[in-house]
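Engineer: Coordinates for the following, if possible.
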Amino acid sequence: MKLTSKHINYLFLILITGTLLSCSSDDDETGTSGSTAVYFPLTLTNDWTYDVTTDDNTNPTTSTTDVITVDETTVINTKEYYGMSSSVGSSGTMTQLFDQNYFRSEAGVFYTDGNFTLPLSNFGGTDIVITLNEAKLIDDSKASGTVLEQQSGTTTQNIGGYDLNVEYTFKTVQRETLNNHTVETVVYNDIVKSDIILSVKVSTTVDIGVPINITLLDTQDVLTITNFYANGIGLIDSTSLFTYQLEDLSALPITIPIPETATITTTQRISSYTLN
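Structural biologist: Model (predicted):
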């Protein structure tokens, strides 16, 4: 089975180991109700092309053209799921999620099955693997703000010479439906929004003559991905925000080998698609 989450940004990996809402001002909200909408049509050889930009507020903005293609099917718990592959060099957060998981759509609901992995092994720790069993990314029968999937856990990892206590929560959240949403100059109709959110708290014990417990990172949404899906088309617009701010530890005689703050924004906007 494909594993997910190479898409966690490298700075997040350094920390323990997207969101700005990209909604045009003339979007019109509608009521939330059940439907038979298909917000991600999955048929073999369907493909979507996206313009992707990444800005870390330090280096020049980078850009890629990502292509996602539906290229396989599998059966999970008697349900037919589809696998997708991305083009070489793709950098979109959702592009990489699609590439590494399985998905199915039915009656206004979009499911994923696989794992969401925080790859701490790259930094001498142990990977945190969150298993996603038919987890909902969309359910248009639910009210805006409804948590569709939530998993929490704790782990202790030695990273950078510090024993870090990590508390994390992964969740997907249904947001409002919209009459329309504009991407560049194209207006798409019958839209649903949803979020993927990863919240983290990090603490440790330091010795300054006596051991004291300190919070390095109070509970923050360090990764938020806000997605717009169009009925009969699929993902049309995505913005992921990775951001954090460490606590002020300047009064302590210690040096934490982690940048004090970071912000990385990745936008992924559809440019063309082929549906069969």
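Engineer: dump the residue contacts of residue 156.
Structural biologist: 163, 164, 165, 166 (C-beta atoms under 8 Å, 6 or more residues apart in numbering). C-betas here are computed from N, CA, C, even on glycine.
Engineer: Narrow these to those that are buried.
Structural biologist: 164, 165, 166 (16 or more other C-beta atoms under 10 Å).
Engineer: mind listing what the first one touches?
Structural biologist: This points to residue 164. 16, 156, 157, 158, 202, 203, 204, 216.
Engineer: And it, how close does it get to residue 106?
Structural biologist: The gap separating residue 164 from residue 106 is 41 Å, by C-beta to C-beta, to the nearest Å.
Engineer: if we can go back for a sec, kindly present the contacts of residue 156 as CSV, with separate columns for secondary structure.
Structural biologist: Below are the contacts of residue 156 laid out as CSV (DSSP: H, G, I helix; E, B strand; the rest coil):
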residue, secondary structure
163, strand
164, strand
165, strand
166, strand
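Engineer: What is the nearest of the residues you listed to residue 35?
Structural biologist: Comparing the contacts of residue 156 against residue 35 with C-beta to C-beta picks out residue 166 as the nearest, at 38.8 Å.
Engineer: and that closest one, bridged to which residues?
Structural biologist: For residue 166, the beta-bridge partners are residue 155, residue 202 (DSSP bridges).
Engineer: swap in residue 110?
Structural biologist: residue 105, residue 138.
Engineer: residues in contact with it?
Structural biologist: Here residue 110 is in contact with 39, 40, 103, 104, 136, 137, 138, 139, 229 (C-beta under 8 Å, 6+ apart).
Engineer: how close does it get to residue 86?
Structural biologist: 18 Å.
Engineer: what does residue 211 give?
Structural biologist: 46 Å.
Engineer: ok, now residue 169?
Structural biologist: The value you get for residue 169 to residue 86, if C-beta to C-beta is used, is 27 Å.
Engineer: And residue 133, by the same measure?
Structural biologist: For residue 133, the distance to residue 86 - C-beta to C-beta - is 23 Å.
Engineer: Show me which of those two is the more surrounded one.
Structural biologist: residue 86 (20 against 12; other C-beta atoms under 10 Å).
Engineer: ok, the more buried one touching residue 97?
Structural biologist: No. Residue 86 is not in contact with residue 97 according to C-beta atoms under 8 Å; the separation is 9.6 Å.
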